[in-house]
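>>> The following comprises the amino acid sequence and a computationally predicted model.
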Amino acid sequence: MTSFASDIQSLVQSADLSRRVFTMTSLIAGFALATQPVSAATITTDAEGLDAGEVQIPVKDGQVPAYRAKPKGGAPAPVILVVQEVFGVHEHIKDICRRLAKLGYYAVATELYARQGDASKVSDINQLISTIVSKVPDAQVLSDLDATAAFAATDGGDAARLGITGFCWGGRIVWLYAEHNPALKAGVVWYGKLVGQPTELQPKNPIDLVADLHAPVLGLYGGADPGIPADTVKQMETAAKAAGKTVEMVIYPDTPHAFNADYRPSYRQGPAQDGWKRMQAWFHAHGL
């Protein structure tokens, strides 16, 4: 093979690898297909007074898209990493970022499935989990969140005041990140799994690493969530306290999974509003 032909082949292979590695190079607009139809109770937060929109986060193997919202002007704001639901960074997660920015935070949600696929276009939840979500390595997610925090520090965020919150799939990640990053000040988990069957890509569950918690964590759970039994929530709380960690678990009676997802039938206004107030108080109490 000539040198020129070899160079062309290398370019083609490189381009093909790039397409495989980064399936998503920009965020979707609207809501994920698997969440349709969208509820009439959906909360929409405007961007008045905010600098809000898509950004690209430099990571070790390229760039991943993210949604960032922060107050316009002023001093560097405390950073809150917002970790997506199982459906990816769709409109609800963007709205969460705007809500946090209205409170004075630099809120950023990175598309953590960017290499594995576009979750927004999959209408069947089981297919979504098997074809995309199960293929996302925990190590990759934690690395991307570290990169997001580093980006925020260059973009108007105060990296010395770093918090994290996440929902559903992202709730589990909040636990893992609190067990990973010693610079974290506080975390708030919304119905994130605590135990489960480990896999090669997800080798540990939050309860396995509870002794490594670096930051106080508030857990918000539904008492009628079949996927996260209340006894596992209490088991995590007991293990954390035995390890000398600051953890508070709140279980809302007769409340389902995804009770903060105002765009879905699972939404429960009372627990959602109470959880939001508790989250704010938790962040304030721990330096955010």
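Looks like it came in fine.

>>> which residues of the stretch 1-150 of the chain score low on pLDDT?
1-21 (pLDDT under 70).

>>> which residues in it form helices?
Counting by DSSP state H, counting those that start in this stretch, one finds helices in the stretch 1-150 of the chain at the ranges 3-21, 91-102, 125-131, 138-153.

>>> I'd like to know how many residues surround Y106.
Using other CB atoms under 10 Å, Y106 has 27 other residues around it. Every C-beta, even on glycine, is put in place using the N, C-alpha and C of the backbone.

>>> buried ones in stretch 96-110?
96-103, 105-110 (16 or more other CB atoms under 10 Å).

>>> I meant to write stretch 151-163 there.
If you call a residue buried by 16+ other CB under 10 Å, then stretch 151-163 has these buried ones: F151, A152, A153, D155, G156, G157, D158, A159, R161, L162, G163.

>>> closest to G117 among those?
Each of these was checked against G117 using CB to CB; the closest is F151, at 22.9 Å.

>>> Who are the contact partners of the closest one?
V55, I57, P58, A66, V108 (CB atoms under 8 Å, 6 or more residues apart in numbering).

>>> Which residues does the one helix or strand A240 maps to contact?
Taking DSSP states H and E as the criterion, A240 maps to helix 230-242. Helix 230-242 is touched from outside by 194-195, 206-207, 210, 213, 217, 219, 221, 223, 246-249, 251, with contacts defined as CB under 8 Å, 6+ apart.

>>> By neighbours, which of the residues you listed wins?
Across these, neighbour numbers were computed from other CB under 10 Å; V217 holds the maximum, 30 neighbours.

>>> got the contact list for the closest residue to that one other than its chain neighbours?
Ranked by CB to CB, 6 or more residues apart in numbering and with sequence neighbours excluded, the top spatial neighbour of V217 is G187, at 4.5 Å. Each residue near G187 by CB under 8 Å, 6+ apart is listed here: G163, I164, T165, V174, W175, Y177, A178, A215, P216, V217, L218.

>>> can you pull the pLDDT of G187?
Here, the pLDDT recorded for G187 equals 98.

>>> about what we covered before: in strands, which of the contacts of F151 appear?
Judged by DSSP state E, the contacts of F151 include V55, I57, P58, A66, V108 as members of strands.

>>> Could you list which residues are in contact with R264?
Applying CB under 8 Å, 6+ apart as the definition, the contact partners of R264 turn out to be T35, S39, A258.

>>> need the contact list for the spatially closest residue to the second one that is not a sequence neighbour.
So that's S39. Once its chain neighbours are removed from consideration, S39 has its nearest residue in Y263; the separation is 5.2 Å (CB to CB, 6+ apart). When the contact criterion is CB under 8 Å, 6+ apart, the partners of Y263 are F31, T35, V38, S39, A41, T42, I43, E91, H92.

>>> Just to be sure, Y263 is in a helix?
No: according to DSSP: H, G, I helix; E, B strand; the rest coil, Y263 belongs to no helix; its state is coil.

>>> what's the distance between it and A32?
Counting by CB to CB, to the nearest Å, the gap between Y263 and A32 amounts to 10 Å.

>>> any idea which residue sits dead centre in this protein?
Centroid-nearest residue in the chain: V83, 0.8 Å away (criterion: CA atoms, centre = their mean).

>>> Please verify my assumption that that residue contacts A109.
Yes: the pair formed by V83 and A109 meets the contact definition of CB atoms under 8 Å, at 7.2 Å.

>>> picking up where we left off before, make JSON lines out of the contacts of Y263 and add distance to W282 and neighbour count.
Formatted as JSON lines, the entries for the contacts of Y263 read as follows, by distance: CB to CB, whole Å; neighbours: other CB atoms under 10 Å:
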{"residue": "F31", "distance to W282": "28", "neighbour count": "18"}
{"residue": "T35", "distance to W282": "27", "neighbour count": "22"}
{"residue": "V38", "distance to W282": "29", "neighbour count": "15"}
{"residue": "S39", "distance to W282": "27", "neighbour count": "14"}
{"residue": "A41", "distance to W282": "25", "neighbour count": "12"}
{"residue": "T42", "distance to W282": "25", "neighbour count": "15"}
{"residue": "I43", "distance to W282": "21", "neighbour count": "15"}
{"residue": "E91", "distance to W282": "25", "neighbour count": "21"}
{"residue": "H92", "distance to W282": "21", "neighbour count": "23"}
